[in-house]
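Chemist: Here is my input; please provide its structure:
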Amino acid sequence: MKSLVLLVLVLLTSCLKPQKEIAMENVQVQLIRNATLKITYAGKTFLVDPVLGKKHSFMSFVEPDKNLNPTVDLPVSIADITKDVDALLITHVHPDHFDTKAMEVLDKNIPVYSQVFDSKAAQDAGFKTVIPVNEKVELDGIQIIRTGGQHGPEETLEMLGKVSGFVLKKENYPTLYIVGDCIWTEEIEQTIKASQPDVIITNSGGAVFMGQSRILMDEHETAKVAQTAPEATVIAVHMEALDHCATTRDKVTAVASENNLNILVPANGEVINL
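Modeler: Sure thing, here's the model as predicted:
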């Protein structure tokens, strides 16, 4: 009888032991410039919002009839950027997220994942496989989930149109949330709470539209993202490459330091291993 009691106690103790956490596989994020990212996730390499034109190759967002954007050159060659790319993720087709140079040089056999509203633009650019993401699609077991957001306050939305973000999700991999060109809203907060991302990429340049309305997160809204997801790593991009973006890397770094927040602020070309 005593042996039976001891056996039961051993079994109960083993059941109460905390389960060993499953080790997450690695993810790599490289900031190319502005919002252009090269993300290696679950064996696939995604090029996000490819803008590959040289410095001053497209229009200014501040001074009419002048080509002043991007304000800096690419940090690496186009050949290196486009090497081994398996798919494109396009959050929207404004010229600072999908430019004519990218449309010209990228292999047209690369599949393009975009919001439904932008599918025609990718098709018109000659891409042969365009997959509109209304809610969710899958690529070799990777869930690509479209998320929404506002590209500025209500008064700017008709002119700026709809934008998307994407969540990448696969078992044993960190859940990665690309917010896209959005200001902080309840929708972003709810997406974070629902998807519980391990990595969040924010477009944090604080861009100002027509000298009046801010249409991107700034350093303070980026801090709200990090405070809402304290266990996540936030990567702030879309800075110091366009003439209407007022938020700098130093501003984001300062707010992160002041509030003890886990926000990474990569330089152009920098690779982050997660």
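Chemist: can you list the weak-confidence ranges in this structure?
Modeler: 1-23 (pLDDT under 70).
Chemist: how about the helices of it, start to end?
Modeler: Secondary structure of the chain (DSSP state H): helices at 2-16, 78-82, 100-105, 119-124, 154-160, 186-195, 219-228, 249-258.
Chemist: outside of the shortest one, which residues touch it?
Modeler: Residues external to helix 78-82 that are found in contact with it (CB atoms under 8 Å, 6 or more residues apart in numbering): 32, 36, 38, 47, 50, 52, 74, 101, 105-107. In this view, the C-beta of every residue, glycine as well, is placed from N, C-alpha and C.
Chemist: swap the cut-off to 7 Å and go again
Modeler: Here helix 78-82 makes contact (CB atoms under 7 Å, 6 or more residues apart in numbering) with 32, 38, 52, 105-106.
Chemist: cool, the last one as well?
Modeler: With contacts defined as CB under 7 Å, 6+ apart, helix 249-258 is touched by 204, 219-220, 222-223, 236, 239-240, 263, 265.
Chemist: For it, buried residues please.
Modeler: Buried residues in helix 249-258, defined by neighbour count with 16 or more other CB atoms under 10 Å: 249, 251-252, 255-256.
Chemist: now the angle from it to helix 219-228?
Modeler: Using axes from the mean of the first three to the mean of the last three CA atoms, to 10 degrees, the inter-axis angle of helix 249-258 relative to helix 219-228 is 40 degrees.
Chemist: how near is Ser114 to Glu155?
Modeler: Using CB to CB, to the nearest Å, Ser114 is found at 26 Å from Glu155.
Chemist: more crowded one of those two?
Modeler: Taking neighbours as other CB atoms under 10 Å, Ser114 and Glu155 compare with Ser114 leading, 26 against 10.
Chemist: pretty sure the more buried one is in contact with Val137, am I right?
Modeler: No. Using CB atoms under 7 Å, Ser114 is not in contact with Val137; the gap is 10.8 Å.
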